[in-house]
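**Student:** Structure for the following, please:
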Amino acid sequence: MSLLGLRNGVCGRKWGCFCAINAKQLVVTFNKAVDKTTATDVTKYSIKVAGQPAQALTAPTTGSYDATAELSADGKSVTITLVTPLTSAAWHSISEGDVFQVSVSGVKDAQLNTIADTTKSVTYSDKVAPTFVSASASGKTATTQIKVTFNEPVDITVATATINGTAATVTAGSKPNEVIVTSGSNLLVGQTYNLSLLNIKDAAGNLVNPNPVTTTVTVVGDTTAPTVTDVKVVRDSLLEVTFDKSMDASTISNTSIKVLDANLNPTGITQGTVTAKANTDNKTFLVPVTALPFNNGTFNGVVSVANTVKDAAGNAVAATVKNVTITQDTAAPQVVSATYKKVTSYNGISTPNGAIVVKFNEEVTASAAAGSYVVVDDQGTSITTPISARTVNPNDNTELVLSLNAPVGTGVKTYTVVMPNSAVTDKAIAQNASKSANLTVDVSAGAPVATDTIAPAVSTVNATAATNSTSGTTIAVTFTEAGSGLDAATVTNVNNYRLDGAALPAGSYITISGNTATINIPAGSIAKDKTYALNINGIKDKAGNTMSPYVGSVALKDDIKPVFTAATLNTNGTVSLSFSEAVNSAAGKEADFAVVLNGVQLNTAAYTLADGVGADAGKYVLTVNTSVLNNDSTYGDVLYIDVNGNGAYNAGIDIVVQQQAASGTDFTAGTYNLNNATSLKVGTVAAPTLVKDTSYLTNVVEGSKTITVK
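**Tutor:** Reported below is the predicted structural model:
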């Protein structure tokens with residue numbers, strides 16, 4: 001039995017892998033089915049960053065290294081979801097392209113054979129935007145909430161939402177890839193609502209694509225009563241009650257879920273506050289007890305669930321009684337290991353001189369005072385006041401962290417740590433105390449050296465929008481960085497900045513002055529007057545600390561000139577002129593165009609422009625006019641186009657449409673059917689001034705754009 005490794009540093013679908021699929025999820029794939037119990041025990045997995053000690057993952061509590069694990073349907077792949085992203089300070093700011101190690105220890109296969117411990121190198125990369133998966137809502141007759149699911153864990157820090165155009169509240173769901181959108185009014189069963197979610201991003205800062213997410217949601221009726229599916233004894237002081245549906249946590253308390261004796265009495269039983277278990281979608285609840293009437297070390301009783309308990313839709317559970325047997329825990333916690341950590345901070349605990357971490361076989365609470373510890377070095381010297389503080393690791397309650405009061409002395413290889421009686425107690429009802437023990441600890445690594453561990457952050461963002469179509473746009477981003485200084489390579493990397501989820505416009509560049517980076521965007525790059533989401537990612541300081549992803553907003557102005565894009569000859573002899581964007585009214589804009597008919601450029605008096613209607617709405621319609629000379633002694637009757645615009649017929653200059661001998665039937669001035677032209681070109685003049693877009697800057701149309709119509 002073995003693990004399948006990383007192929008060429010890439011996690012591929014065809015190959016088994018050991019990889020990070022995004023900033024908060026790892027996938028470990030085995031070459032055959034594995035045992036669910038051991039494979040989904042997150043404490044079997046650890047992560048090691050270069051230059052740092054390996055850190056085991058911990059079961060969900062409130063810690064930085066908490067994680068959950070889910071086994072695939074075929075039993076071969078485990079998806080681990082981290083509470084804290086790999087890019088955070090807790091994981092030493094792993095960033096794009098960084099390599100770290102993942103280890104697996106103690107996992108068994110489906111036949112319960114232990115798999116050999118394995119360590120693999122993983123290259124971190126997360127450039128892919130999260131995507132919308134589904135949106136749903138249900139209730140007995142109505143609800144106020146819509147649950148939205150994405151394909152990976154998401155961040156709602158700057159997210160906003162509307163339901164039917166009205167602002168709604170965005171909160172995190174019970175799972176990291178879920179978001180709850182709450183309406184200010186009831187959403188009725190059977191009705192369909194329009195949902196819009198803006199600026200959802202993943203843990204790496206990639207904005208959802210498309211942004212915003214827009215969808216419709218029909219509220220489904222739910223009248224099915226929930227049921228209790230399992231009652232589990234975690235330890236003698238804690239039980240778990242699991243339902244088959246997401247429950248309304250407000251209906252669950254120590255009065256609606258009770259631990260009773262076999263006669264359904266509460267005598268001798270003391271309960272704590274019932275709470276929802278993290279990452280279970282409000283399906284599993286923790287029921288703590290602080291006193292039970294054990295009989296010869298055993299309690300036989302029941303867990304009673306009242307019919308006041310309701311699911312999220314408001315359906316009540318049928319009153320339920322489940323038998324439970326609890327064995328009294330009388331065993332003292334045992335030391336599993338003791339190791340020295342050459343770090344100035346451990347799991348959020350200040351350890352400026354390093355720490356000794358004592359691991360126990362169960363979760364514990366610190367008891368004996370720090371001053372009761374004795375430490376003797378390998379020279380036989382008793383260290384004066386050796387321990388400054390003793391703290392249970394908030395991310396792994398099986399670890400007691402002993403912060404050293406002074407650095408390890410030069411040449412010292414080992415410490416003997418004398419653990420006092422009752423150094424810790426376990427979390428059993430009896431609060432069993434640990435026994436005194438002498439622990440030998442290798443401290444040869446020496447004292448830690450203080451380093452810059454604080455990542456830079458965005459302090460302010462100031463945008464200077466374009467003032468005309470040639471000025472360009474700048475965005476000044478000021479960072480806070482009091483330690484090693486900003487890493488210029490990451491600050492000036494245009495790929496670390498995005499506008500509305502897209503790369504910066506071509507030709508953009510970044511300059512630095514002190515802690516301020518200025519994004520320079522070339523003229524003619526911003527397409528709309530609007531507020532854009534600004535996403536900044538991957539910024540580091542010189543110590544390698546990576547900034548948490550930032551999403552803010554900047555108000556920018558459209559500085560792109562409209563472009564004359566098409567000229568279409570119509571059946572009625574006019575020409576429809578199209579543009580790349582909306583422009584102002586056509587009236588009086590003739591001087592911005594050059595019209596060349598049958599090889600001759602017309603004076604602007606020879607044609608008119610009008611706003612298109614119907615299918616031509618938003619276009620200009622070009623009409624060439626005809627003039628007349630009637631009953632002339634030399635030319636007779638002439639219907640012509642006044643090329644030079646002087647108001648008179650000039651033979652050899654003006655274009656003759658029709659000519660006849662003087663007669664009683666005169667020509668009438670009108671319009672020329674351009675379908676009869678031999679050739680026709682229409683273009684903008686070199687320096688237009690009249691045709692403009694409808695943006696704040698009213699950008700003038702691009703000049704010297706000529707289109708051959710025929």
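
**Student:** Tell me the secondary structure at residue 531.
**Tutor:** Assigned with DSSP: H, G, I helix; E, B strand; the rest coil, residue 531 falls in the strand class.

**Student:** Could you check the pLDDT of it?
**Tutor:** Looking at residue 531, its pLDDT reads 95.

**Student:** try residue 509
**Tutor:** So residue 509 comes in at 96 (pLDDT).

**Student:** can you give me the strands in the stretch 101-250 of the chain?
**Tutor:** Taking DSSP state E, counting those that start in this stretch as the test, the strands found in the stretch 101-250 of the chain are 118-123, 132-136, 138-139, 142-150, 154-155, 160-163, 166-172, 178-188, 192-198, 201-202, 213-218, 220-221, 228-235, 238-243.

**Student:** could these go into CSV alongside mean pLDDT?
**Tutor:** Below are the strands of the stretch 101-250 of the chain laid out as CSV (pLDDT from 0 to 100):
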stretch, mean pLDDT
strand 118-123, 88
strand 132-136, 97
strand 138-139, 92
strand 142-150, 96
strand 154-155, 94
strand 160-163, 94
strand 166-172, 94
strand 178-188, 96
strand 192-198, 96
strand 201-202, 92
strand 213-218, 97
strand 220-221, 94
strand 228-235, 96
strand 238-243, 98
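
**Student:** what about the ones you listed, which gets the closest to residue 461?
**Tutor:** With C-beta to C-beta as the criterion, residue 461 lies closest to strand 201-202 of those, at 16.3 Å. C-beta coordinates here come from the backbone N, C-alpha and C atoms, glycine included.

**Student:** other SSEs contacting that closest one?
**Tutor:** Applying 3 or more C-beta pairs under 8 Å, 6 or more residues apart in numbering; DSSP states H and E, one finds that strand 201-202 contacts strand 154-155.

**Student:** Could you list the paired strands of the strand it packs on along with their orientation?
**Tutor:** If you go by DSSP bridges, strand 154-155 pairs up with strand 201-202 (antiparallel).

**Student:** Tell me where this structure is predicted with low confidence.
**Tutor:** 1-17, 61-62, 449-451 (pLDDT under 70).

**Student:** Break it into its domains for me.
**Tutor:** Split into domains by automatic domain parsing, the chain comes to 18-123, 132-221, 228-327, 335-442, 457-556, 564-626+670-708.

**Student:** got these as JSON lines, with mean neighbour count columns?
**Tutor:** Below are the domains of the chain laid out as JSON lines (neighbours: other C-beta atoms under 10 Å):
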{"stretch": "domain 18-123", "mean neighbour count": "18"}
{"stretch": "domain 132-221", "mean neighbour count": "18"}
{"stretch": "domain 228-327", "mean neighbour count": "16"}
{"stretch": "domain 335-442", "mean neighbour count": "18"}
{"stretch": "domain 457-556", "mean neighbour count": "18"}
{"stretch": "domain 564-626+670-708", "mean neighbour count": "17"}
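
**Student:** Format the strands of the stretch 101-250 of the chain as TSV; extra columns: distance to residue 510.
**Tutor:** Below are those laid out as TSV (distance: least, C-beta to C-beta, whole Å):
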stretch	distance to residue 510
strand 118-123	26
strand 132-136	32
strand 138-139	48
strand 142-150	31
strand 154-155	24
strand 160-163	28
strand 166-172	32
strand 178-188	33
strand 192-198	26
strand 201-202	21
strand 213-218	30
strand 220-221	49
strand 228-235	53
strand 238-243	52
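
**Student:** Let me know which of the ones you listed is the nearest to residue 501.
**Tutor:** strand 201-202 (8.7 Å).

**Student:** one step back: indicate which one of the domains of the chain is closest to residue 657.
**Tutor:** Judged by C-beta to C-beta, the one of the domains of the chain that comes nearest to residue 657 is domain 564-626+670-708, at 5.7 Å.

**Student:** Select, out of the strands of the stretch 101-250 of the chain, the one closest to residue 598.
**Tutor:** Among the strands of the stretch 101-250 of the chain, strand 213-218 comes nearest to residue 598, with 51.6 Å by C-beta to C-beta.

**Student:** Mind putting the domains of the chain into JSON lines with distance to residue 646?
**Tutor:** Below are these laid out as JSON lines (distance: least, C-beta to C-beta, whole Å):
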{"stretch": "domain 18-123", "distance to residue 646": "69"}
{"stretch": "domain 132-221", "distance to residue 646": "57"}
{"stretch": "domain 228-327", "distance to residue 646": "83"}
{"stretch": "domain 335-442", "distance to residue 646": "87"}
{"stretch": "domain 457-556", "distance to residue 646": "36"}
{"stretch": "domain 564-626+670-708", "distance to residue 646": "8"}
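
**Student:** which residues does residue 70 bridge with?
**Tutor:** Beta-bridge partners, per DSSP bridges, of residue 70: residue 79.

**Student:** Likewise for residue 364?
**Tutor:** Applying DSSP bridges to residue 364, the residues it is bridged with are residue 426.

**Student:** With residue 217 instead?
**Tutor:** Bridge pairing for residue 217 - DSSP bridges - gives residue 193.

**Student:** Distance check, it against residue 183.
**Tutor:** Using C-beta to C-beta, to the nearest Å, residue 217 is found at 11 Å from residue 183.

**Student:** Ok, residue 552 next?
**Tutor:** 27 Å.

**Student:** if we can go back for a sec, tell me, what's touching residue 217 and residue 183 both at once?
**Tutor:** Common neighbours of residue 217 and residue 183 (criterion: C-beta atoms under 8 Å, 6 or more residues apart in numbering): 146, 193.

**Student:** Surely residue 463 touches residue 477?
**Tutor:** No: using C-beta atoms under 8 Å, residue 463 is not in contact with residue 477, being 9.6 Å away.

**Student:** and the residue sitting furthest away from the middle of the chain, what does it touch?
**Tutor:** The C-alpha centroid of the chain is most remote from residue 633, which lies 83.6 Å away (C-alpha atoms, centre = their mean). With contact taken as C-beta under 8 Å, 6+ apart, residue 633 is in contact with residue 662.

**Student:** So what sits opposite residue 241 in the bridge?
**Tutor:** residue 231, residue 285.

**Student:** Could I get the contacting residues of it?
**Tutor:** Per C-beta under 8 Å, 6+ apart, neighbours of residue 241: 228, 230, 231, 257, 284, 285, 287, 303, 305.

**Student:** quick one: residue 422 from residue 330, how far?
**Tutor:** To residue 330, residue 422 is 15 Å away according to C-beta to C-beta.

**Student:** Of all the strands of the stretch 101-250 of the chain, which one is nearest residue 436?
**Tutor:** strand 228-235 (24.0 Å).

**Student:** Please name every helix or strand in contact with that closest one.
**Tutor:** Applying 3+ C-beta pairs under 8 Å, 6+ apart, one finds that strand 228-235 makes contact with strand 238-243, strand 320-327.

**Student:** Could you name the stretch from the ones you listed that's closest to residue 534?
**Tutor:** Minimum separation from residue 534 across these (C-beta to C-beta) falls at strand 238-243, 43.2 Å.

**Student:** mind listing what the helix or strand just after the closest one pairs with, with the direction of each?
**Tutor:** The helix or strand immediately downstream of strand 238-243 is strand 257-261, counting by DSSP states H and E. Here strand 257-261 is paired, per DSSP bridges, with strand 298-305 (antiparallel).

**Student:** ok and the strand it pairs with relative to strand 320-327, angle-wise?
**Tutor:** Orientation of strand 298-305 against strand 320-327 (axes from the mean of the first three to the mean of the last three C-alpha atoms, to 10 degrees) gives an angle of 160 degrees.

**Student:** ok, residues contacting strand 298-305?
**Tutor:** By C-beta under 8 Å, 6+ apart, the residues outside strand 298-305 that reach it are 228, 231, 236, 239, 241, 256-262, 264, 269, 287, 292-293, 317, 319-328.

**Student:** Alright, calling it a day.
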